[in-house]
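# what follows is a protein structure lacking sequence information:
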């Protein structure tokens, strides 16, 4: 079907439970189903408006903000203007908007729209800011004659703590941000600070810091900000994992339950745990669950894995006993057979590990010359797995979105992991389930362009050491993302593909030092790594 409309697609960023910030992501051409409010682009991707209640619980982080017909756009900007240029002009204007989206206690979705160009604070007279309600949105505007700003904002009854946005905060946004899409982390931090309490009050009226372990304040917002600079398109699951791990640090009893981190291959489960451990300054051990067997059988024993952790901690026993342990590929241990030594047998062993027990860690169970007693009761245990069968067999979506009022369309329950994932009742009874987002083409492009550890950034740094600037076309990025999406290899596939497409270019540059100043990668490079362009230095 020929596209008739243009939609502004917004990207959701998690702030706190039920509270989000949206910023401009991209524009798409497509068609609109007026009845169901579903916009479909040329690749059959479907989007709901950011005010739709179901989008707040969907794993898909995109929604549309504004839709305009192609005819109306041409009429607005001039019929003689080429469509491509008209879209770019429209984009330029819409990039200046961002939104806060949250829920009131009644369940109603509330939206606050910010236009950075309107947030002007003149020096010669006092400006006040207020939120004015309209039928669909709440627009933030600058006004001269508003005195009772606090009561006007408070009357909106936004279900968040400290809901008053002061003049100083808005000034900060205006001064620090040219476009919200370039500075989303700053905005998230400002809003998060208003929503997440940093203290609580005891029965005696004393002010106590909440996230304290051993007298050290754990800054959830800081860890979250650092993690999401590397791990792209996983804002909400990243925030949830950080909060749950920090919460376990408040009471040792919470560590008797594990976190089951699920998600497709390549979405970043291991990377998320590595980053959280790094920024919480905790030892981290990844264990390949497929290699685990119960004691006495061929394979890897938990005692040997704990010895590896002990050595990685410089043989600091106390440090090792406070580590984050990530048992990856746990879904491969699902089995219907109770006597399966590599399946349910391992799950039963891990159950004891989770609830807390002592092991004699050793480098070799067959010849335990050296050993040390390790207590697991203070470890944070995370279990990772794709659980493809559970999610594929469970009908979770309608038109690509989860509907709150449709019981058959909700995410899999614990019982689904027991029945379809072949996990045991006892094992699942000790786990909290967190699901990471599936990665779509635009997410994969963002990973390449935005992550501070992206594969293309690493290659650029390598080429820089040779005094050669590595550049790429939009077609190169698009082709890489499309390839990873079609092959379902996720972010991991991007890393491999970037290596595959740059090795020939690196070979020539490295073998001819001082000859070239620039290398250009194109869409053709993805198809054939020998297809690239080198620009020689001018002598």
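Yep, it's here. Keep in mind that this is a model prediction, so the values were computed, not measured.
# from here on, just use CA atoms for contacts and neighbour counts.
Fine.
# mind checking how far residue 285 is from residue 327?
To residue 327, residue 285 is 8 Å away according to C-alpha to C-alpha, to the nearest Å.
# and stretch 431-444, end to end?
Length of stretch 431-444, first residue to last, C-alpha to C-alpha: 30 Å.
# what comes up buried for it?
With burial defined by 16 or more other C-alpha atoms under 10 Å, the residues of stretch 431-444 counted as buried are 431, 433-444.
# so where's this structure shaky on pLDDT?
Along the chain, the parts satisfying pLDDT under 70 run over 1, 15-17, 57-59, 103-108, 114-217, 293-300, 334-343, 365-368, 393-410.
# quick check: domain ranges of it?
5-195, 220-435, 441-536 (automatic domain parsing).
# what about stretch 479-495, how long is it end to end?
Stretch 479-495 end-to-end distance (C-alpha to C-alpha) = 14 Å.
# sorry, wrong one. I was asking about stretch 439-456.
End-to-end distance for stretch 439-456, by C-alpha to C-alpha: 18 Å.
# likewise stretch 315-329?
27 Å.
# pull out the buried positions in the strand ranked longest in the chain.
Counting residues, the longest strand found in the chain (DSSP state E) is strand 19-33. Neighbour-count burial for strand 19-33, with 16+ other C-alpha under 10 Å as criterion, is recorded at 19-25, 27-32.
# got it, and stretch 310-324?
Neighbour-count burial for stretch 310-324 flags 310, 313, 317, 319-324 (criterion: 16+ other C-alpha under 10 Å).
# hmm, who's touching it?
When contacts are defined by C-alpha atoms under 8 Å, 6 or more residues apart in numbering, stretch 310-324 is touched by residues 277, 282-285, 309, 374-382.
# from residue 70, how far out is the residue nearest the centre of the chain?
Centroid-nearest residue in the chain, with C-alpha atoms, centre = their mean: residue 234, separated by 1.1 Å. Residue 234 is 33 Å from residue 70, where distance means C-alpha to C-alpha.
# name the element the closest residue to residue 522 other than its chain neighbours belongs to?
Closest residue to residue 522 apart from its sequence neighbours, by C-alpha to C-alpha, 6 or more residues apart in numbering: residue 476 at 4.6 Å. Element membership of residue 476 [criterion: DSSP states H and E] is helix 474-487.
# repeat for residue 369
Of the helices and strands defined by DSSP H and E, none includes residue 369.
# same deal with residue 417?
Using DSSP H and E, residue 417 sits in helix 414-419.
# what packs against that helix?
helix 425-428 (3 or more C-alpha pairs under 8 Å, 6 or more residues apart in numbering; DSSP states H and E).
# strands paired with whichever helix or strand comes after the helix it packs on, and their directions?
Sequence order places strand 431-435 as the next helix or strand after helix 425-428, per DSSP H and E. With DSSP bridges as the test, strand 431-435 is paired with strand 258-262 (parallel).
# which residues does the partner strand contact?
Residues external to strand 258-262 that are found in contact with it (C-alpha under 8 Å, 6+ apart): 269, 354, 380-387, 430-436.
# go on, stretch 351-360?
255-258, 303, 371-378, 381, 426-427, 430.
# let's see which of those end up in helices.
303, 426-427 (DSSP state H).
# list only buried entries from the residues you listed.
Using 16+ other C-alpha under 10 Å as the burial test, those include 303, 427 as buried.
# for stretch 517-530, buried residues please.
Across stretch 517-530, burial judged by 16+ other C-alpha under 10 Å covers 517-523, 525-526, 529.
# before we move on, back to that, just checking, the residue nearest to residue 522 touches residue 525?
Yes - here residue 476 lies in contact with residue 525, judged by C-alpha atoms under 8 Å, at a distance of 7.2 Å.
# wasn't residue 253 part of a strand?
No - assessed with DSSP: H, G, I helix; E, B strand; the rest coil, residue 253 is helix; it does not lie in a strand.
# separation between it and residue 482?
According to C-alpha to C-alpha, residue 253 and residue 482 sit 45 Å apart.
# between these two, who's got more neighbours?
With neighbours defined as other C-alpha atoms under 10 Å, residue 253 and residue 482 compare such that residue 482 has more, 17 against 13.
# what's the closest non-adjacent residue to that one?
Sequence neighbours aside, residue 441 is the residue nearest to residue 482 in space, at 6.0 Å (criterion: C-alpha to C-alpha, 6+ apart).
# next, the contact list for that neighbour, please.
Residue 441 neighbours (C-alpha under 8 Å, 6+ apart): 481-482, 485.
# cool, and residue 509?
Each residue near residue 509 by C-alpha under 8 Å, 6+ apart is listed here: 466, 468, 515-516.
# ok, of these, which one's closest to residue 45?
Nearest to residue 45 among these is residue 468, at 38.6 Å by C-alpha to C-alpha.
# to what extent is the closest one buried, counted in neighbours?
Residue 468 - counted by other C-alpha under 10 Å - has 25 other residues nearby.
# is it true that it touches residue 516?
Yes - counting by C-alpha under 8 Å, residue 516 is a contact partner of residue 468 at 6.4 Å.
# got the phi/psi numbers for residue 50?
Residue 50 adopts backbone torsions of phi -70, psi -10, taken as degrees, to the nearest 10.
# and the nearest residue to it once chain neighbours are set aside, what element?
Closest residue to residue 50 apart from its sequence neighbours, by C-alpha to C-alpha, 6+ apart: residue 63 at 4.9 Å. Secondary structure assignment for residue 63, by DSSP H and E: strand 62-69.
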